[in-house]
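> One predicted model, sequence on top.
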Amino acid sequence: MKLKLFTAGLLLAMSANAQILYHDASAFPLLGKATDATLTRYERLPDSLEHISRKPLWDLGRNSAGLAVRFRSNSTRIAAKWEVRNSMNMNHMTPTGIKGLDLYCLQDGKWVFAGSGRPQGKVNEATMVRNMAPEEREYLLFLSLYDGVTSLSIGVDSLSVIEQPAVDLPVREKPVVFYGTSILQGGCATRPGMAHTNILERWLNRECINLGFSGNALLDLEIAEVIASVDASMFVLDFVPNATVEQMKERAEKFYSIVRAKHPDTPILFVEDPVFPNSRFDRKLAQEVASKNETIAAIFRSLKKRGEKNIYFLSSKDILGHDGEATVDGIHLTDLGFVRYAEILYPLIKKRIR
């Protein structure tokens, strides 16, 4: 026992004097991509769509929402250097959520928050956790939600090791694929790990793919093709906050059919428009939400009537709770809102994924 304590103390003392050595994160597994055929590593849409998709949609596809790097290390500290494409800012979302990083560590089969990479601008460097015992640990590093990471290096003590994951968690076989809006992309989580798709990735211990496009979940059919290219355990279609009634009537069944044609037995979940707190007072918004939800419900009933199987419908009535405290601006979610949303989705997905 004394020898073990002496050895641990010696390693800790040596690590305290060690320099940080950075390793290119491209050497480690990247979770959350529907395809590897992208222009650069940390973006979400295939390069074939660069001149096909609407420009706002293409640009949002270059955001790194939902992407995460997996590695293990015995370092006493974990740092990162990263650069983002735009160094954007918004008046209702923290810089850490927009262009920061978020580190989790696996403990007893569960992912536990370890620290955040707080950005300084376009080029960033941060130590996310320090003063740890020099023990082997598994890490999950979530990337920026509303900016695109263009380069990433992970820093560890120069006397330590950084290696490939030793355990296959989150499970990568048959991921859950989400399609949706700014909320699904992660607006306005305070840090990347609090977007509900990232929360669910940890709770389910299953890879989740975030195809959220702020203001642009307009049922573009090429995105249905991207979704359909994934051998998923479940598809979650959460486009209603963006798509108009007319767009839903024109495109929703076709969008669904593209996915269903390649995945005849995979569960598909349709999600209603949340009942936003603003709609308690904004009569126009309240009518818009009601009209959209009536439309998506009618489309769902039509699909059921024609015999479609393994399709499900999530009512919006409980998604955000009932106290009006789950958003930052009456629409986009706070961390509280994302946790509530994940709590609603978790049992529905857990029950149906294989």
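Nice, I can see it.
> In the stretch 101-250 of the chain, what residue spans correspond to helices?
182-185, 196-204, 221-228, 245-262 (DSSP state H, counting those that start in this stretch).
> Quick one: residues contacting the most centrally placed residue in the chain.
Centroid check for the chain by Cα atoms, centre = their mean gives residue 66 as the closest residue, at 2.8 Å. Residue 66 sits next to 32, 44, 178, 186, 195, 197, 198, 208, 209, 210, 212 when contact means Cβ atoms under 8 Å, 6 or more residues apart in numbering. Every C-beta, even on glycine, is put in place using the N, C-alpha and C of the backbone.
> 6 Å - rerun?
Neighbouring residues of residue 66 by Cβ atoms under 6 Å, 6 or more residues apart in numbering: 32, 197, 210.
> can I get those residues in a markdown table with pLDDT, neighbour count and distance to residue 104?
As requested, these are exported to a markdown table (pLDDT from 0 to 100; neighbours: other Cβ atoms under 10 Å; distance: Cβ to Cβ, whole Å):
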| residue | pLDDT | neighbour count | distance to residue 104 |
| --- | --- | --- | --- |
| 32 | 98 | 25 | 14 |
| 197 | 98 | 28 | 14 |
| 210 | 98 | 29 | 16 |
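> In a markdown table, list those along with distance to residue 303.
Below are those laid out as a markdown table (distance: Cβ to Cβ, whole Å):
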| residue | distance to residue 303 |
| --- | --- |
| 32 | 28 |
| 197 | 24 |
| 210 | 25 |
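> picking up where we left off before, between the helices of the stretch 101-250 of the chain, which gets nearest to residue 345?
Across the helices of the stretch 101-250 of the chain, residue 345 has its closest neighbour in helix 196-204 (6.2 Å, Cβ to Cβ).
> Which elements pack onto that closest one?
strand 206-212, helix 335-352 (3 or more Cβ pairs under 6 Å, 6 or more residues apart in numbering; DSSP states H and E).
> Mind listing what's buried along stretch 265-272?
Along stretch 265-272, these residues count as buried under the neighbour rule (16 or more other Cβ atoms under 10 Å): 266, 267, 268, 269, 270, 271, 272.
> Tell me the one of those nearest residue 182?
residue 271 (14.2 Å).
> can I see the domain layout of this protein?
Domain segmentation of the chain under automatic domain parsing yields 19-163, 171-352.
> how far away is the residue nearest to the centre of the chain from residue 96?
According to Cβ to Cβ, to the nearest Å, residue 66 and residue 96 sit 16 Å apart.
> Next: residue 196.
17 Å.
> who's more crowded, these two?
Between residue 196 and residue 96, counting by other Cβ atoms under 10 Å, residue 196 is the more crowded of the two (30 against 21).
> In this structure residue 32 contacts residue 67, no?
Yes: with contact defined as Cβ atoms under 6 Å, residue 32 reaches residue 67; the gap is 4.3 Å.
> what are the phi and psi values for the nearest residue to residue 216 once chain neighbours are set aside?
Nearest residue to residue 216 in three dimensions, chain neighbours excluded: residue 57, at 4.8 Å (Cβ to Cβ, 6 or more residues apart in numbering). When read as degrees, to the nearest 10, the backbone of residue 57 gives phi -70, psi -50.
> What pLDDT does the model give residue 57?
Residue 57 carries a pLDDT value of 98.
> Could you report the distance from it to residue 44?
Separation of residue 57 from residue 44 (Cβ to Cβ): 11 Å.
> Does residue 121 touch residue 88 like I think?
No: assessed by Cβ under 6 Å, residue 121 is found out of contact with residue 88, at 10.6 Å.
> out of those two, which sits in the more crowded spot?
residue 88 (16 against 11).
> Where does the prediction get shaky in the stretch 1-150 of the chain?
Within the stretch 1-150 of the chain, the stretches with pLDDT under 70 are 1-17.
> one step back: ok, residue 57 and residue 44, which is more surrounded?
Higher neighbour count among residue 57 and residue 44: residue 44, with 25 against 20, using other Cβ under 10 Å.
> Sounds good, over and out.
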